[in-house]
Structures are given as structure tokens and as C-alpha cells.
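Visitor: Curious how this folds, go ahead:
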Amino acid sequence: MIILGISGILSEAATAVIRDGRLVASIEEKKTARRHVPGDFPEQSLAYCLQEAKADPAAVQLLVMVRPLAAAPESPLHVQLRRRFPKSQVIFVDHHLAHAAAAYYVSPFDDATVLTLDRAGDLRCGARWQASGIQLNPDRELFFPDSLGDVYGRVTELLGYDACADEHKVQWLSPSGDARFQSLFSEIFSASNSGWPRLNRSYFDGDRLSHGAFSSRFYERLGIPDGAAVPEDLHPHVASGLQKAVEDSVIRMAGGGERLCLGGGLGLNALLVTALERCGRWKDVFVQPVAGNAGCSIGAVVHAWHHHCGQTARVRMDNLFLGPGFAAEEIKQVLENCKLRFRYLQTTEELIDTAVQELNDNKIVAWMHGRTELGPRALGNRSILASPLDPYSTENLNVYIKHREPFRKFAASVPEELAGEYFDTGPNARFLASVGKVKAAHKQTFATATLGEDLIRVHTVRERDNPLYWRLLHAAGTATGLPVLYNTSFNLFGEALVCSPRDAVRSFYASGIDAMFVGHFLLRK
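Guide: Residues are numbered from 1 along each chain as shown. Down below sits the predicted model:
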């Protein structure tokens, strides 16, 4: 049984495949092809998923497409798909249903409340579902323009960033601000009697086409001239007010109960996930770590597995290492083709010992092993690493390698069984989907990675999820007494995570990274 799912045709296109009830592959088109034109079919991610499933198009029994698909009518696309997948039944799934399926069916829960939130997936921008067994029943919907995601995008533009791309920058800016503007954004969200937002449109001006299209009333509340650029010193406070108001609004929307699943683009907001974990209204919280449009490809296939195949057994998502991996011979061929000098490390012990030595010498290390991560976060297979004991590591990573704002901090990777010694974390730290707190005894050690007073991005690593990376962290601990490494995604200039050895070589030589481990191959500058 081959089930193929395709999502995000207009944004973040991705493909996923199930073979006989097992999720065998999923990857975004922008990682495999290094670009995606909105509306184009994700040819390379599709080809990869079929290859991993050991199938050709004629073997696909169910092809599941997630709306919205394109600006044009769907019927020509349906004819094209029937021709391309001749033996497949073509199914179309609504956007928020795919978000809900991706969040719930791969969660550890047998029943839950499911909340999906995004900017405007299919006119809906939010929905709440009651899930039990394999049933997902909606009990509340939110429609555009009453969109928390849309307001987040407007503020992103107001602060000089790109909407629908840089919202994460506003999130990471927020911990350095105060709550002086929280009441303003709470008024904008002006909850209805049910607790769900109904936006106060007097704070927007439909005749304005830039800077978020806020009205004179909004600027008056900020205390600046109408239409003026927001002063730099106010940016953190605007971001903080927005973030806190969004968190309060989402907590009201979710309600209360035993188990909560979160999906949709707002689920990528790690501070929001942390607020839900700690609000006291829920015993257990699970967020789909690929909560945006790309994760809908997983939602598509698991929904079809249950509702079109009639299967009750759940599909497991044991980790996010679902993209392409490369054999030693493939890596060697690329390195030789690029006329590069390299050293081959014979054993895993030599590999780990050499990497630890580089890190202890305060080198910035690129670490590329195994299969590519699905989603926007590096979890130890496509990572740039540095030692927290290097006082200049954060500055070097931000200024000379990533070329990004200093308020964007790096994650601290730590073996799951040792995390409690250094951090307070929630269950979603396994996928870097939430934020932890530094314990008082270690604040100085992690000062350069701290957000606000004591927040820090924590990535807890399980041996069964990533045994090589787990061993590296333990080896770092043996050598230095600190089993923690700073981890950021191996990418540059806003591109997707590197996927192939050629991607890695290009990024390595276009940056200030000191050394790169690609499989067992070591390259130094």
C-alpha cells in the first residue's frame, strides 16, 4: 500500500509517502531542488519519496493533495494527476484538516483537543477539533480576517522584516522587550464572548499598502507620528506586546483539558508552545514540529491511511530524519569533483574524537550526517556546532557565519537524560519546538545563548533518535565536563537547510565555518 501526500503547492511545497503503514520519507521541495516556484509541482521531492518507497507512479494507490492548490481551477490539475498516476485514487484534503491530522495522528495521544492556527490556509485561519481514536471532529472555526497569524505578519512588516518569511525574527526579539504594548494588541484581538478573537478593524487602514497597513489610531497608541517608522528602541517592546497577546489569545482558544495537540504555522512559534505547556490548563501538550504547510504532507498521508484505508493502527513519526541521505561513495565523488582536499576518518570513534578536538579548539564545525531533517530546524544531522565554553562562539556564529541579528540565539543540544541538570524543559524540546529555562547554577555558562532573563532554546537528544549526535554530546562532556553544544541550522542567507554534499560544500566555502564533517570526510580551511 503506497500513499503519497503533497502539500504547500503555493508555499512550502513538500511530499510525504507511507508504505504499508510506515512513514518512510518526507521532504520539502526547496531542500531537494534548492528552490520552489509557487504553483509548481514539487518534482524533486516527489521523485525522492517514490525512490525511498521503492515505487514508481503506477504503484501509488492513493495520491492525497492538500488545498489550496493553485489560483487556477482544480479540474485541469486533476486530469494531469490521473494521467501521471494511472492507478491512483486522487483525494483532496482541506488545509486545516491536514494540519489537524498531522498534529494528532502522530502524537502519543489516543484522544485530545486539537487546535490549528495559521494565517489564512483555506479562508479558515483557525479551528479546534475533538479527537478520539481515529476520529477528528471540528467544534469551532475561525475565519479570515480574524487571523492572529495575519496580525503577526503585519507587525513583522511594520518592524522592517518580510511578512510570511521573517515572523520568527519578531518572536526571538520579543523576550528582550516589556509588556507596555500588550494591552494594545489585546484590544486588537478583542475576544468575543466565546473567547475567540474578533479583530478590531479600527486599528487597520485598508487604503495603506505597506508597513502592515496600520491606522492612525494604532500609531497614536504607539506614541509616534502617523505612518512613521517605529524607532529601533521600541522594536522589542512592540514584539513583546504582540507575542504576549497572541499567547493569551491562543490559551483562551484552546480551553482546558488533559491533552492538547497544536498544528498550523503558529505552532512554529516556540514561545507560544512553551506558554501552552506552562499555562496549567493542560496536562500534556504536543506540537507537530513541522507545523507549517510542509507538515501537511504528513497530515495528508496519515488522514488517508485512517479514513480511506480504514486502518486503526497509528503511523509512527519516530524522528524527523525523513529526507535524503548520502553514501560515502556519493560524498567522495562530489568532493573529488570539486577538487577538494579531505581526510577520511576510518572509524566512528576517530570521527567523534576529531570533532571534539575541533570544538575544544574553539572551532566552528559543520556537521552533516545521515538523512536530512524535515522542517526548519536542525536536529543534529544538518547542523553548525560550537562549544558554549568558547566566549566568542555566539558572536562568531551570528556575525561571521549566519550574518544575522544578535537577538537570534542558538539552541543548546544536550542528551535527554542529562538535560535536567542544566535546564528546565518541556516534552517538545525533543524537536526544538519549545523553549526551556537555564537553571540558576548555569546561567553564566549559557549567558550568550540566553533570551531575556533565563530563557534558552533547548534541544534534548535521545540516543534512539540520533545515536551519532548523542555520542558526540557525551564525548564533549567527557572531554570538558559539559555535555552541551550550541547548535544552529546548516544554511546561509535565508536558504533552506543544506541537503546534499554539494549544498554543504557551497555553504562551507561561502562562510566562516572552520571545519566540516560530511559523513566520515573531514574538510578544514
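Visitor: Now do the helices in the stretch 401-525 of the chain.
Guide: 419-422, 467-480, 501-509 (DSSP state H, counting those that start in this stretch).
Visitor: Mind checking those helices for the one nearest to Y161?
Guide: helix 501-509 (22.6 Å; CB to CB). For glycine as for every other residue, the C-beta is placed from the backbone atoms N, C-alpha and C.
Visitor: Dump the longest helix seen in the chain to PDB, keeping only the CA atoms.
Guide: When the chain is parsed with DSSP state H, its longest helix is helix 235-254. The C-alpha trace of helix 235-254 is given here as PDB (Å, rounded to 0.1, in the frame of the first residue of the first chain):
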ATOM      1  CA  HIS A 235      11.000  47.200  18.400                       C
ATOM      2  CA  PRO A 236      11.500  44.800  21.300                       C
ATOM      3  CA  HIS A 237       8.500  46.200  23.200                       C
ATOM      4  CA  VAL A 238       6.200  46.000  20.100                       C
ATOM      5  CA  ALA A 239       7.300  42.400  19.500                       C
ATOM      6  CA  SER A 240       6.900  41.600  23.200                       C
ATOM      7  CA  GLY A 241       3.400  43.100  23.400                       C
ATOM      8  CA  LEU A 242       2.300  41.200  20.300                       C
ATOM      9  CA  GLN A 243       3.800  37.900  21.500                       C
ATOM     10  CA  LYS A 244       2.200  38.000  24.900                       C
ATOM     11  CA  ALA A 245      -1.200  39.000  23.500                       C
ATOM     12  CA  VAL A 246      -1.000  36.100  21.000                       C
ATOM     13  CA  GLU A 247      -0.100  33.700  23.800                       C
ATOM     14  CA  ASP A 248      -3.100  34.800  25.900                       C
ATOM     15  CA  SER A 249      -5.500  34.600  23.000                       C
ATOM     16  CA  VAL A 250      -4.400  31.100  22.000                       C
ATOM     17  CA  ILE A 251      -4.600  29.800  25.600                       C
ATOM     18  CA  ARG A 252      -8.200  31.100  25.700                       C
ATOM     19  CA  MET A 253      -9.000  29.400  22.300                       C
ATOM     20  CA  ALA A 254      -7.500  26.100  23.400                       C
END
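Visitor: pLDDT on the very next helix or strand once past that helix, on average?
Guide: Downstream of helix 235-254, the next assigned helix or strand under DSSP states H and E is strand 257-263. Strand 257-263 shows a mean pLDDT of 97 in the predicted model.
Visitor: picking up where we left off before, would you mind finding the most buried of the helices of the stretch 401-525 of the chain?
Guide: For these, the largest average neighbour count (mean count of other CB atoms under 10 Å) is found in helix 501-509, namely a mean of 21.
Visitor: mind checking how far that one is from the chain centre?
Guide: Mean-position distance between helix 501-509 and its chain equals 22 Å (CA atoms, centre = their mean, to the nearest Å).
Visitor: E232: neighbouring residues, count only.
Guide: Residues near E232, counting by other CB atoms under 10 Å, number 9.
Visitor: Oops, could you answer that again for G310 instead?
Guide: So G310, with other CB under 10 Å, has 8 neighbours.
Visitor: returning to that earlier point: same list, the helices of the stretch 401-525 of the chain, but as CSV with mean pLDDT please.
Guide: Formatted as CSV, the helices of the stretch 401-525 of the chain follow (pLDDT from 0 to 100):
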stretch, mean pLDDT
helix 419-422, 98
helix 467-480, 98
helix 501-509, 97
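Visitor: For these, give me CSV that also has distance to F490.
Guide: Below are the helices of the stretch 401-525 of the chain laid out as CSV (distance: least, CB to CB, whole Å):
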stretch, distance to F490
helix 419-422, 23
helix 467-480, 13
helix 501-509, 7
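Visitor: for the ones you listed, which one sits closest to T372?
Guide: helix 501-509 (9.4 Å).
Visitor: Which elements pack onto the closest one?
Guide: helix 328-337, strand 365-368, strand 515-518 (3 or more CB pairs under 8 Å, 6 or more residues apart in numbering; DSSP states H and E).
Visitor: Just give me how far the second one sits from the chain centre.
Guide: If I follow you right, that is strand 365-368. Distance, centroid of strand 365-368 to centroid of chain: 20 Å (CA atoms, centre = their mean).
Visitor: partners of it in the sheet?
Guide: strand 382-386 (antiparallel), strand 515-518 (parallel) (DSSP bridges).
Visitor: What are the contacting residues of that strand?
Guide: The list of residues contacting strand 365-368 from outside it, by CB atoms under 8 Å, 6 or more residues apart in numbering, reads 355, 358-359, 380-386, 469, 472, 490, 498, 501, 504, 507-508, 513-519.
Visitor: Give the ChimeraX command for selecting the buried subset of those.
Guide: In ChimeraX syntax, the buried subset of the contacts of strand 365-368 is picked out as below (16 or more other CB atoms under 10 Å):
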select :355,358,359,380,381,382,383,384,385,386,469,472,490,498,501,504,507,508,513,514,515,516,517,518,519
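Visitor: picking up where we left off before, okay, the strands paired with strand 365-368 in JSON lines with distance to K332 and mean pLDDT next?
Guide: Below are those laid out as JSON lines (distance: least, CB to CB, whole Å; pLDDT from 0 to 100):
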{"stretch": "strand 382-386", "distance to K332": "19", "mean pLDDT": "97"}
{"stretch": "strand 515-518", "distance to K332": "10", "mean pLDDT": "98"}
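Visitor: how about these, which one is nearest Q135?
Guide: strand 382-386 (36.7 Å).
Visitor: on that earlier part again, nearest to E329, out of the strands paired with strand 365-368?
Guide: Of all those, strand 515-518 comes closest under CB to CB, at 12.6 Å.
Visitor: how near is the nearest residue to A313 once chain neighbours are set aside to Y509?
Guide: Counting by CB to CB, 6 or more residues apart in numbering, G21 is the residue found nearest to A313 once chain neighbours are left out, at 6.2 Å. As for G21, its distance to Y509 is 43 Å (criterion: CB to CB, to the nearest Å).
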